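> Here is a sequence together with a model predicted from it:
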Amino acid sequence: MPVANNAQLNTNRPAPRDLEALLGCLQPDAARALSNALEGRDLSVEEALVLFDATGLEYSALVMVADELRRRTVGDVVTFVVNRNINFTNVCIKRCGFCAFSRDYREEEGYFLPITEVVRRAQEAWDYGATEVCVQAGLPPQMEGDLYIQVCRAIKEALPDMHIHGFSPEEVLYGSVRSRCTIREYLQGLKDAGVGSLPGTSAEVLDQELRDRIAPGRISVEQWLEVITTAHELGIPTTSTVMFGHLETNEHLARHIALLRDIQQRTGGFTEFVPLSFVHTEAPMFMKGLVDNVRPGPTGMEVVKVHAIARIMLNNWMPNIQASWVKEGARMSQLLLTAGVNDLGGTLINESISTAAGAQHGQLMRPSQFRQIIRQAGRIPAERHTTYAIKRVFSDADEALDPLDLVGDNVEEIFGSYQRLVKLDTYRFAHPRRLARKGAARGSDSPQGLPNEGGASDAEEHNPSDPEDDQG
């Protein structure tokens with residue numbers, strides 16, 4: 001199920017002479033790896049490790065080769081999608097060391113949006129020009145097994161043409177456990193209800209030993225792979241991600257990317273790859289010292305290297321490399337357009353997960369801002385759909401404003417924010433047991449869409465909220 005990119009292609013372009021000359025000045029191992037990439041060969045993990053160690057001329061050549069491969073494969077068009085994040089609850093049964101978004105059900109800041117509010121937010125996004133809603137959340141205790149399916153049906157009933165990019169592998173696994181069905185059955189239920197694609201988050205780094213250190217009890221590598229490959233088999237495309245800048249080594253990263261490439265070779269179901277920098281500011285494992293030797297996120301050069309090496313390793317199989325403006329900011333994201341990146345993600349409208357972790361780059365990127373960033377980099381801006389079909393390409397003279405461009409500086413007044421949401425009593429989370437007791441006293445059931453007592457026991461709930469913010 002390969003996903004096409006409608007950008008300008010030029011696959012037969014030879015390497016520029018100045019790049020060939022530069023390769024001749026490099027250390028032999030780096031020169032050999034970059035030459036292999038330019039000749040269209042897939043790089044091995046060992047070759048990738050050479051590039052991760054690049055400094056000086058080798059680093060410059062790495063960036064140039066990534067940019068050249070990007071140009072050959074997808075041309076000079078840079079894409080973005082108009083979308084909205086809807087993180088409908090921050091209450092979660094897990095305590096991942098890197099997640100500052102989730103709250104225990106006993107905490108005062110726990111919230112839970114009813115399905116009617118989820119639909120209202122989706123409708124508002126549609127009215128502002130969005131073609132996608134990205135729906136992810138925490139894992140509330142004793143959740144109704146079909147809650148995610150209910151959410152999809154409600155959105156599709158109100159907005160049949162809205163693309164639902166929803167529910168990470170962690171959430172899919174949790175939904176299947178609560179519903180007492182297989183992962184395949186649950187994914188089929190989501191597809192039938194209207195899910196168009198899945199975020200490939202909850203991946204962090206696909207190394208079990210490392211995962212056991214930063215998030216014990218998190219979805220396992222084996223389970224993540226099962227959800228993703230089953231989704232692809234059912235015709236549900238997914239994104240792919242990595243979270244870096246904490247405890248991982250270069251070998252962890254190289255093997256992670258190689259594993260994603262292996263999956264893509266078999267299924268063709270990944271739409272893009274999104275490197276996600278670890279935001280340490282409010283992360284429990286950093287702030288509270290829960291895990292030894294955690295780094296405060298990646299360096300600037302590490303950010304560039306991960307994106308560039310991802311382009312080089314994945315170029316033959318996964319044409320779209322996305323920069324997360326929420327994690328990196330507008331300036332770094334623009335710089336990454338010279339290091340293999342061809343997509344800047346989504347407008348988001350509401351950004352909760354990275355903001356909760358301490359990211360300082362806002363919750364909304366307006367379409368006009370995307371166009372400006374892209375043009376300043378000498379590239380061609382285009383709005384896309386979730387699966388990379390191009391909706392429209394903008395000329396240099398096209399300065400028309402979209403509805404989101406007309407939103408003033410009072411973004412929080414219009415769309416709300418995570419900081420405001422956690423303070424509202426309107427959507428305060430109540431544990432199902434409390435709701436059940438109140439319902440029994442009134443002789444009625446708990447409200448539809450909220451967690452209830454059905455499904456698996458607490459002991460069977462074993463999966464968390466998503467710390468990674470997929471941008472679409």
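Perfect, I can see it now. Every value quoted in this text rests on a predicted model; they were computed, and no experiment measured them.

> quick one: low-confidence parts of the stretch 1-150 of the chain?
Residue ranges of the stretch 1-150 of the chain with pLDDT under 70: 1-15, 96-107.

> now the helices for it?
Ranges of helices in the stretch 1-150 of the chain, per DSSP state H, counting those that start in this stretch, are 17-23, 28-38, 45-52, 56-74, 115-127, 147-158.

> which stretch among the ones you listed comes nearest residue 378?
Among the helices of the stretch 1-150 of the chain, the nearest to residue 378 by CB to CB is helix 56-74 (11.1 Å). For the C-beta atoms, the positions are set from N, CA and C on the backbone; glycine is no exception.

> buried ones in that closest one?
58-59, 61-74 (16 or more other CB atoms under 10 Å).

> and it, what does it pack onto?
In terms of contacts (3 or more CB pairs under 8 Å, 6 or more residues apart in numbering; DSSP states H and E), helix 56-74 is packed against helix 17-23, helix 28-38, helix 300-314.

> That helix vs helix 28-38, what angle?
Here the directions of helix 56-74 and helix 28-38 differ by 10 degrees (axes from the mean of the first three to the mean of the last three CA atoms, to 10 degrees).

> Helix 56-74 vs helix 300-314, what angle?
Interaxial angle, helix 56-74 versus helix 300-314 (the same axes, to 10 degrees): 50 degrees.

> follow-up on the earlier one: any chance of the helices and strands packed on helix 56-74 in TSV, with mean neighbour count and distance to residue 135 too?
Formatted as TSV, those follow (neighbours: other CB atoms under 10 Å; distance: least, CB to CB, whole Å):
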stretch	mean neighbour count	distance to residue 135
helix 17-23	14	43
helix 28-38	19	37
helix 300-314	24	26
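
> Now these in TSV, please, with extra columns for distance to residue 153.
Shown next, in TSV, are the helices and strands packed on helix 56-74 (distance: least, CB to CB, whole Å):
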stretch	distance to residue 153
helix 17-23	52
helix 28-38	45
helix 300-314	35
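
> Can you say which of those is nearest to residue 150?
Distance to residue 150, taken as CB to CB, is lowest for helix 300-314 among the helices and strands packed on helix 56-74, at 35.6 Å.

> if we look at the closest one, which residues are touching it?
By CB atoms under 8 Å, 6 or more residues apart in numbering, the list of residues contacting helix 300-314 from outside reads 34, 37, 42-43, 48, 51-52, 54, 59, 62-63, 65-66, 69-70, 242, 244-245, 253-254, 257-258, 260-261, 264, 273, 275, 277, 298, 321, 323, 328, 332, 335-336, 339-341.

> For the helix or strand following it, what does the pLDDT average out to?
Next in sequence after helix 300-314, counting helices and strands by DSSP states H and E, comes helix 325-336. Across helix 325-336, pLDDT averages out at 96.

> what about the residue nearest to residue 189 when sequence neighbours are not counted, neighbour count?
Nearest residue to residue 189 in three dimensions, chain neighbours excluded: residue 149, at 5.2 Å (CB to CB, 6 or more residues apart in numbering). By other CB atoms under 10 Å, 21 other residues sit near residue 149.

> what's near enough to touch residue 149?
So residue 149 contacts 175, 189, 190, 193 (CB under 8 Å, 6+ apart).

> Show me how far stretch 130-150 is from its chain's centre.
Here the centre of mass of C-alpha atoms in stretch 130-150, compared against the chain's by CA atoms, centre = their mean, to the nearest Å, lies 16 Å away.

> hang on, I meant stretch 52-69
25 Å.

> and the spatially closest residue to residue 396 that is not a sequence neighbour, what element?
Excluding the flanking residues, the one nearest residue 396 by CB to CB, 6+ apart is residue 375, at 7.0 Å. If you go by DSSP H and E, residue 375 is part of helix 367-376.

> The following helix or strand past that helix: partners in the sheet, and parallel or antiparallel?
The element immediately downstream of helix 367-376 (helix or strand, assigned by DSSP H and E) is strand 380-384. In the sheet, strand 380-384 lines up against strand 77-81 (parallel), strand 390-393 (antiparallel) (DSSP bridges).

> before we move on, back to that, let me know which of the helices and strands packed on helix 56-74 is the nearest to residue 224.
Between those, helix 300-314 lies closest to residue 224; by CB to CB that is 17.9 Å.

> and that closest one, average pLDDT?
Averaging pLDDT along helix 300-314 gives 98.

> so where's the stretch 251-400 of the chain uncertain?
Residue ranges of the stretch 251-400 of the chain with pLDDT under 70: 281-289, 351-362.

> how does it look with 90?
Along the stretch 251-400 of the chain, segments meeting pLDDT under 90 span 279-294, 296, 350-363, 395-400.

> ok so, going back, going by distance to residue 237, which of the buried residues of helix 56-74 wins?
For the buried residues of helix 56-74, the nearest to residue 237 is residue 74 (17.1 Å; CB to CB).

> picking up where we left off before, so can I have CSV of the strands paired with strand 380-384 showing mean neighbour count and distance to residue 161?
Formatted as CSV, the strands paired with strand 380-384 follow (neighbours: other CB under 10 Å; distance: least, CB to CB, whole Å):
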stretch, mean neighbour count, distance to residue 161
strand 77-81, 26, 14
strand 390-393, 13, 12
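
> Minimum distance to residue 414: which of those has it?
Smallest distance to residue 414 across the strands paired with strand 380-384 (CB to CB): 20.0 Å, for strand 77-81.
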